[in-house]
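Asker: Sharing a model prediction with you, sequence too.
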Amino acid sequence: MIFLGAWSGVSLCWWGIAIKLVHAARRRRSPGADARPRTESLTVFKPLPPVDDAATVQRLAGAIRTFLQQLGPGDDLRLGVPEAQATLWLPTLDQWRREFPSVPVHAVVRPPPDQRANPKVAWLEHLAPGSRATLWLWSDADILAPPGFLQQLRDELADAPAIGAVTAPYRVGEARGGAGWLDALFVNMEFLPGTLLLGRLGTVSLAFGAAVLFRAGDFHRRISWDALGASLADDHELGRRLAPVRVSGALASTLALETRLGPALRHLHRWQRTIRWCRPSGAAALVVILPLSGWLLRCAAAPGDHLSWIGLAGQYAAELLVAALLLHGAGFRGPCSGLPALLAWPAVRLGVWLASWLPIPVHWSAPGDPWTRPRKARRPEAG
């Protein structure tokens, strides 16, 4: 019992630090858009994922627009548009071209390329050849850029010529449906505090898919499309090869668009399994903040011990409180239908961590495309 109490105490110490890190990050403000003259051109790459409806298109369009607003003359935006959904996107693309006439919006419309096992990298390989900019920014389509975000990334890269890239941590600020709370809980509770701590400790050898800014010349010299496209964790591989990488002081946001429980759980499993594959020692060390497992084992071994059950209930309640505080600290908003996900979260986070150590395939999106290891062989070009 003393050991379990100490274990719980250690985890609560970390959660106290995590809450402070998240609140401090939200209070930081990015510099103004004209804080420093822009001397290098920038291409922002946005491969668009398959979407289910026009409402999702509008949400993604709103996110991409936050990047367009921060681009200027000499910069451009390159989009990968799935051919089957081009009609959903064309009105938005036309509107952007009228609204931002000084920023070229290049849309590559075609069937989703599959020459690489990683679908995002397959798109990026098709988008990259058209860029003439000296700086590249890779960013997922559902990321929102706060005011001054791109300028801060540019400044941080320019201020440190020895680093290979700048990457931005991110939070989930909004969920479309109840299932989206699972993404929000994982990102805001499990992912965000650790990335903020890494940013305070120095440079890293990884990157985050929210935003990675790097020099195009460095990419051509140091990155292989074969290696990148065969990696499940393309952002981790990119950061490893461009290291040292600086974690930006700017904080991006993303939308939790998932509305179905099954895909949301598969997404959690992919995240956790990717961490386990890329950083096995770090994934194993997460047990330090999973004392719920110890209390469960204690209750199973001594079901008649009332103190064990009280300890289990106390640990569960403490993790619920921490999750709620971190969601609040990250500025999360979501529908009330997600409250059951919050109530189940301590059990879910433990279950997903345990599942990451089992030989369960990871699915990117389609159930018929399993990953049984962190790398997959190159596939022949289609289309």
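Answerer: Okay, I see it.
Asker: Now the phi/psi pair for the residue of the chain most remote from its centre, please.
Answerer: Distance from the C-alpha centroid of the chain peaks at residue 304, with 43.2 Å (Cα atoms, centre = their mean). Per-residue torsions, residue 304: phi -90, psi 0 (degrees, to the nearest 10).
Asker: pretty sure residue 17 is in contact with residue 200, am I right?
Answerer: No - the criterion here is Cβ atoms under 8 Å, and residue 17 misses it with residue 200 at 10.6 Å. For the C-beta atoms, the positions are set from N, CA and C on the backbone; glycine is no exception.
Asker: residue ranges for the helices of the stretch 201-350 of the chain, please.
Answerer: Assigned by DSSP state H, counting those that start in this stretch, the stretch 201-350 of the chain shows helices spanning 216-222, 225-229, 234-242, 261-278, 280-285, 291-301, 306-329, 339-355.
Asker: So between residue 17 and residue 200, which is more surrounded?
Answerer: residue 17 (13 against 10; other Cβ atoms under 10 Å).
Asker: For that one, identify the helix or strand it belongs to.
Answerer: Residue 17 belongs to helix 2-27 when assigned by DSSP states H and E.
Asker: That helix - contacts with which helices or strands?
Answerer: Where contact means 3 or more Cβ pairs under 8 Å, 6 or more residues apart in numbering; DSSP states H and E, helix 2-27 is packed against strand 170-175, helix 192-201, helix 291-301, helix 306-329.
Asker: tell me the secondary structure for residue 133?
Answerer: Put simply, residue 133 is coil when judged by DSSP: H, G, I helix; E, B strand; the rest coil.
Asker: how many neighbours does it have?
Answerer: 17.
Asker: correct me, but it touches residue 73?
Answerer: No - using Cβ under 8 Å as the test, residue 133 is too far from residue 73 to be in contact (11.9 Å).
Asker: Quick one: find the helix or strand in this structure with the lowest mean pLDDT.
Answerer: strand 362-363 (a mean of 86; mean pLDDT, DSSP states H and E).
Asker: which helices and strands sit right next to it?
Answerer: So strand 362-363, by 3+ Cβ pairs under 8 Å, 6+ apart, packs with helix 261-278, strand 370-371.
Asker: roughly how far is the last one from the heart of the chain?
Answerer: Averaging C-alpha positions (Cα atoms, centre = their mean, to the nearest Å) puts strand 370-371 20 Å from its chain's average.
Asker: Flag the shaky bits of the stretch 251-383 of the chain, pLDDT-wise.
Answerer: Along the stretch 251-383 of the chain, the parts satisfying pLDDT under 70 run over 366-368, 378-383.
Asker: Show me the shaky parts of the stretch 1-150 of the chain.
Answerer: The stretch 1-150 of the chain contains residues with pLDDT under 70 at 29-36.
Asker: just to revisit the earlier point, dump the helix or strand following the helix holding residue 17 to CSV, keeping only the CA atoms.
Answerer: Sequence order places strand 42-47 as the next helix or strand after helix 2-27, per DSSP H and E. Taking Å, rounded to 0.1, in the frame of the first residue of the first chain, the C-alpha atoms of strand 42-47 are listed here in CSV:
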residue,chain,number,x,y,z
LEU,A,42,7.8,30.1,-47.9
THR,A,43,5.7,27.2,-49.3
VAL,A,44,3.0,25.8,-47.0
PHE,A,45,2.0,22.2,-47.9
LYS,A,46,-1.4,20.8,-47.0
PRO,A,47,-2.4,17.3,-48.2
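Asker: And the residue nearest to residue 295 when sequence neighbours are not counted, how close does it get to residue 319?
Answerer: Distances taken as Cβ to Cβ, 6 or more residues apart in numbering put residue 312 closest to residue 295, at 4.0 Å, once the chain neighbours are dropped. As judged by Cβ to Cβ, to the nearest Å, residue 312 and residue 319 stand 11 Å apart.
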